[in-house]
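> could you look at this predicted model? Sequence included:
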Amino acid sequence: MMTTNFVRDEFGIRSERFSERAREIAERGMEQGLGSADITENLHNALGERLGRGPGYWRIVANSFSNHARTYTQVGALADAGVETWMFSAVLDEVTSDICRFYHGKTWSVDDAMAHVEKIAALEDPEEIAAESPWIRTGRDASGNQFLWVPNGEKRVKIATIERSGVGSKDDVGEFSRGRSSASLAKLGAMLPPLHGDCRSTIVPV
């Protein structure tokens, strides 16, 4: 399922033609067993000059393609195996984002995940897919407090306030307040990794 991804040019304009080309390159790379670095290089060589995007952008695209494919395959495998619950598992090293630290250890039902995957699979418009399965952002309020939020239509829906960031430390999830429940996050479509461009998190059965 590669329809959850699309690419934009240097002006932020989505290109359906180049998005399809990017999907073909990423799918072929994964079929050949290539790693993210090789897929990134292939994407940059084929499309970088045409879209005015550097290697850093194509690394995010490659990671998004591979992580979405991996996660949706894992959800299907858990459902086939009769597993009822899964947990969000982050890599807790120095560069792990506050986003993944907040999500680490949260659990959802496999049925909820399958319903989300099937909903995404039924959509064709990439903009609708992005709205139904949004990435998480970080921001600051008027007082300078950091928080996590997710786009929901024209609104910014806060999902947690960052009281203490764990970024820069190993095995430290940080401290958060006013965090939304797993059920609330599921309603927002914000539960399955990847949750942002550099997301390395995965799902595990519990």
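Everything's here; your move. Please read all numbers here as calculations on a predicted model, not as lab measurements.
> all helices of the protein, in order?
16-31, 36-43, 49-51, 55-80, 98-103, 110-121, 126-132, 182-187 (DSSP state H).
> kindly report the domain assignment for the chain.
1-82, 83-206 (automatic domain parsing).
> lowest-confidence stretch among those?
Mean pLDDT is lowest for domain 1-82 among the domains of the chain, at a mean of 81.
> what about it, distance to the chain center?
Centroid separation between domain 1-82 and its chain, computed with C-alpha atoms, centre = their mean, to the nearest Å, is 12 Å.
> circling back: okay, the domains of the chain in a markdown table with mean neighbour count next?
Using the backbone N, CA and C atoms, a C-beta is placed for each residue, glycine as well. Output for these, formatted as a markdown table (neighbours: other C-beta atoms under 10 Å):
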| stretch | mean neighbour count |
| --- | --- |
| domain 1-82 | 17 |
| domain 83-206 | 16 |
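> dump the helices of the chain to TSV, plus distance to Asp171.
As requested, the helices of the chain are exported to TSV (distance: least, C-beta to C-beta, whole Å):
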stretch	distance to Asp171
helix 16-31	31
helix 36-43	24
helix 49-51	39
helix 55-80	22
helix 98-103	10
helix 110-121	26
helix 126-132	32
helix 182-187	22
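> can you tell me the distance between the two ends of stretch 126-137?
19 Å (C-alpha to C-alpha, to the nearest Å).
> one step back: so which of the helices of the chain is nearest Glu175?
helix 98-103 (9.6 Å; C-beta to C-beta).
> related to what we said a few turns ago, of all the helices of the chain, which one is nearest Gly197?
Judging the helices of the chain by C-beta to C-beta, what sits closest to Gly197 is helix 55-80, at 3.9 Å.
> whichever strand in the chain runs longest packs against which elements?
For the chain, the longest strand by residue count, based on DSSP state E, is strand 155-164. Contacting strand 155-164 under the criterion 3 or more C-beta pairs under 8 Å, 6 or more residues apart in numbering; DSSP states H and E are the following elements: helix 98-103, strand 137-140, strand 146-152, strand 175-177.
> CSV please, covering those and showing distance to Gly76.
Rendered in CSV, the data for the helices and strands packed on strand 155-164 read as follows (distance: least, C-beta to C-beta, whole Å):
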stretch, distance to Gly76
helix 98-103, 21
strand 137-140, 28
strand 146-152, 25
strand 175-177, 31
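> out of the helices of the chain, flag the one nearest Pro194.
Short answer: helix 55-80, nearest of the helices of the chain by C-beta to C-beta, at 4.1 Å.
> now that closest one against helix 16-31, angle please.
60 degrees (axes from the mean of the first three to the mean of the last three C-alpha atoms, to 10 degrees).
> can you start the count at 446 instead of 1 from here on
All set: I'll call the first residue 446, so the last point we hit is now helix 500-525.
> just checking, what packs against helix 500-525?
Using 3+ C-beta pairs under 8 Å, 6+ apart: helix 500-525 touches helix 461-476, helix 481-488, helix 555-566, strand 647-650.
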